[in-house]
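*Asks:* sequence and predicted structure below; questions after.
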Amino acid sequence: MTGMQLAAGGGALIMLGVVLLVWRLSPAEPALGEALERLSPRRQRGSVDVSDGSSVRDRAGLWAMKRLPDGIWGKVPTRELALLRVSHSRFYGEKLLYALMGMLVPPLFTLFFNAMNLGIPLFIPVLGSVVGAGAGFFLPDYNVRDEAKAARIEFSRALGAYIDFVALERNAGAGPRQAMEVAAQIGDSWVFGRLAEELARTRWSGVTPWAALHSLAEELALPELDDLADIMRLSGEEGAQVYTNLRARSASMRTSMLNAEKGKAAEMSERLYVPMSMLGVVFLALLIAPSLLRVMGG
């Protein structure tokens with residue numbers, strides 16, 4: 001690394017330090033809407049996780065929530081975080097740490113190559129740091145959405161069984177609330193635990209179970225749970241017999257999931273068609289090649 005490159009790097013670090021110092025000392029102007037949304041009971045309920053706030057990600061996220069403007073995060077996947085029960089502080093901390101890792105990796109590789117006398121121009125690590133920081137900053141968004149998609153599929157599968165259990169309890173003479181609470185105690189997956197927790201909260205909040213499930217379905221973007229809430233509302237408020245409706249809804253969910261799995265299987269088969277065809281072409285080429293070589297040699 002030449003003296004000019006060292007001087008440019010040192011100047012860039014000094015300028016970065018001055019900018020961060022001015023940013024740190026400037027008065028903060030938090031967005032009132034974001035602050036009220038962050039303190040709302042609905043968001044607090046959806047963002048609970050098992051962390052105690054002592055991890056590096058949580059501490060970094062809490063620091064970022066206090067010091068950095070809300071606009072830098074872009075569109076936060078609030079529903080996905082609520083479904084996964086990941087706090088916003090942990091999500092923000094992951095974005096900062098991933099961005100920091102992406103920014104530091106290119107300079108480290110540059111130092112390694114320069115130690116081997118492989119001169120790397122200065123613009124390459126600078127450009128790599130910018131690209132790496134941007135990719136690392138948005139990587140948690142992709143991870144959260146991907147995990148939430150898998151969680152919604154798992155929720156739908158477990159909800160189909162839960163609806164059957166509710167139907168059986170109603171057929172046995174249990175009331176709407178009792179049927180929903182007893183059915184939620186049968187399974188041991190996180191889906192049944194989430195439903196049991198939500199139903200238990202309604203006993204103290206004064207909200208009906210179907211209204212609570214409707215709010216949860218809207219918060220987490222779960223249309224199947226919203227359908228269950230509508231059916232149980234008819235049972236609880238109008239006294240309708242919903243056993244047939246519940247069994248039909250669970251059967252419809254299973255059919256939909258089966259069709260989705262068949263579609264995925266067909267898609268995978270189509271993806272395998274091209275490699276298998278290429279393999280057949282290579283096999284035919286191996287069979288024909290000796291004859292062609294003899295003809296050409298003769």
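*Replies:* All right, it came through fine. Numbers count the residues shown, from 1 in each chain.

*Asks:* immediately after the helix or strand of the chain with the lowest mean pLDDT, which helix or strand?
*Replies:* Least confident helix or strand of the chain, by mean pLDDT, DSSP states H and E, is helix 41-46 with a mean of 46. As assigned by DSSP states H and E, the chain's next helix or strand after helix 41-46 is helix 56-67.

*Asks:* I'd like to know which elements that following helix is packed against.
*Replies:* Contact analysis of helix 56-67 by 3 or more Cβ pairs under 8 Å, 6 or more residues apart in numbering; DSSP states H and E lists helix 88-115 as its packing neighbours. For the C-beta atoms, the positions are set from N, CA and C on the backbone; glycine is no exception.

*Asks:* count the neighbours of Trp63 for me.
*Replies:* Number of residues near Trp63 (other Cβ atoms under 10 Å) recorded here: 14.

*Asks:* tell me the centre residue of this structure?
*Replies:* Nearest to the mean C-alpha position of the chain, by Cα atoms, centre = their mean, lies Val144 at 2.0 Å.

*Asks:* quick one, whatever helix or strand it lives in and helix 88-115 angle?
*Replies:* Assigned by DSSP H and E, Val144 belongs to helix 123-171. With axes from the mean of the first three to the mean of the last three Cα atoms, to 10 degrees as the basis, helix 123-171 and helix 88-115 are set at 150 degrees to each other.

*Asks:* tilt between the helix or strand that helix 123-171 is followed by and helix 123-171?
*Replies:* For helix 123-171, the succeeding helix or strand toward the C-terminus, using DSSP H and E, is helix 176-184. Angular relation of helix 176-184 and helix 123-171 on a 0 to 180 degree scale: 120 degrees, by the same axes, to 10 degrees.

*Asks:* so which residues make contact with helix 176-184?
*Replies:* Outside helix 176-184, the residues that touch it by Cβ atoms under 8 Å, 6 or more residues apart in numbering are 162, 165-166, 168-170, 174, 192, 195-196, 199-200, 209-210, 232, 235-236.

*Asks:* of those, grab the buried ones for PyMOL.
*Replies:* Under the burial definition 16 or more other Cβ atoms under 10 Å, those of the contacts of helix 176-184 that qualify are selected in PyMOL by:
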select buried, resi 162+165+166+168+169+170+174+192+195+196+199+209+210+232+235+236
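
*Asks:* any weak-confidence spans in the stretch 51-200 of the chain?
*Replies:* The model of the stretch 51-200 of the chain has pLDDT under 70 over residues 51-54, 119.

*Asks:* for the record, mean pLDDT for the lengthiest helix in the chain?
*Replies:* Longest helix in the chain by number of residues (criterion: DSSP state H): helix 243-297. Averaging pLDDT along helix 243-297 gives 80.

*Asks:* packing partners for it?
*Replies:* Taking 3+ Cβ pairs under 8 Å, 6+ apart as the contact definition, the neighbouring helices and strands of helix 243-297 are helix 123-171, helix 223-238.

*Asks:* between helix 223-238 and the longest one, find me the angle.
*Replies:* Helix 123-171 and helix 223-238 are oriented at 30 degrees to each other (the same axes, to 10 degrees).

*Asks:* turn the helices and strands packed on helix 243-297 into CSV, columns for distance to Glu94.
*Replies:* Conversion of the helices and strands packed on helix 243-297 to CSV gives the following (distance: least, Cβ to Cβ, whole Å):
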stretch, distance to Glu94
helix 123-171, 4
helix 223-238, 28
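
*Asks:* figure out which of the ones you listed is closest to Met278.
*Replies:* Closest to Met278 of the helices and strands packed on helix 243-297, according to Cβ to Cβ: helix 123-171, at 29.8 Å.

*Asks:* helices or strands up against the helix or strand where Thr202 lies?
*Replies:* Take DSSP H and E as the rule and Thr202 turns out to sit in helix 190-205. Judged by 3+ Cβ pairs under 8 Å, 6+ apart, the packing partners of helix 190-205 are helix 123-171, helix 176-184, helix 209-220.

*Asks:* would you turn those helices into TSV with distance to Ala265?
*Replies:* TSV is the format used below for the helices and strands packed on helix 190-205 (distance: least, Cβ to Cβ, whole Å):
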stretch	distance to Ala265
helix 123-171	15
helix 176-184	31
helix 209-220	28
